[in-house]
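In: Below: sequence and its predicted model.
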Amino acid sequence: MPITPAPAANSSRNGAAEAILLELVDEDGTTIGTAEKLSAHQAPGQLHRAFSVFLFDERGRLLLQRRALGKYHSPGVWSNTCCGHPYPGEAPFAAAARRVWEELGVSPSLMAEAGTVRYNHPDPDSGLVEQEFNHLFVGMVQSPLRPDPDEVGETAFVTPEELLVRHEQGPFSAWFMTVLDAARPAIRELTGPGAGW
């Protein structure tokens, strides 16, 4: 899958998160400007566009990732398959597919929009704040994973029951349950009623 080239200001890695520009939005999701990534996440946070992806295998198990320890925000915690921020002017669907490829080395199959959710989640460990207008996507993963170790510390495919056990043991990202709950109708449509989502 071709990788969308990033503008120079957006080409830095985790260590220079402040150089990456995010798209600021109003409460309706309309673009109102841009801000540097780190400043947008500093308290009280600025509302910005984001995306969250939930990919499933053919058995209906959800692919989780544990964020790499070197990430500046929420390192070492479990979260959904992939999440991130579109570049200013980049379509959320394109951004989601791009980041799945960059982080996990696979192209999602049958990926579809699953609505949006707006939330405000402070992260007590880092002091950063997630003020996000989040575009949700669900789909399938049908190829072997090739995670980028700078982004992903570990992956796991889980059933709903296994997820409950993992979530109790933690730690998970502050936004995980919010985006999962918002995506559940689309997840059930993708995986079928027997999967238990």
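Out: Here it is on my side, so go on. Numbers count the residues shown, from 1 in each chain.

In: doesn't residue 35 fall inside a strand?
Out: Yes. Under DSSP: H, G, I helix; E, B strand; the rest coil, residue 35 sits within a strand.

In: quick one, what contacts it?
Out: 21, 22, 24, 46, 48 (C-beta atoms under 8 Å, 6 or more residues apart in numbering). Heads up, the C-betas are built off the backbone N, CA and C, glycines and all.

In: can you do 6 Å?
Out: Residues in contact with residue 35 (C-beta atoms under 6 Å, 6 or more residues apart in numbering) are 22, 24, 46.

In: Also residue 22?
Out: 35, 37, 40, 48, 85.

In: In terms of secondary structure, what does the helix or strand where residue 163 lies contact?
Out: Using DSSP states H and E, residue 163 sits within helix 160-169. Here helix 160-169 touches no other helix or strand, going by 3 or more C-beta pairs under 6 Å, 6 or more residues apart in numbering; DSSP states H and E.

In: Counting neighbours, show which residues of that helix come out buried.
Out: Within helix 160-169, the residues scored as buried using 16 or more other C-beta atoms under 10 Å are 163, 167.

In: send the alpha carbons of the strand or helix carrying residue 65 over as CSV?
Out: Assigning secondary structure by DSSP H and E places residue 65 in strand 62-67. C-alpha atoms of strand 62-67 as CSV (Å, rounded to 0.1, in the frame of the first residue of the first chain):
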residue,chain,number,x,y,z
LEU,A,62,-10.6,-7.6,18.1
LEU,A,63,-7.0,-6.6,17.4
LEU,A,64,-5.5,-4.6,20.3
GLN,A,65,-2.2,-2.9,20.5
ARG,A,66,0.0,-2.0,23.4
ARG,A,67,1.5,1.4,22.7
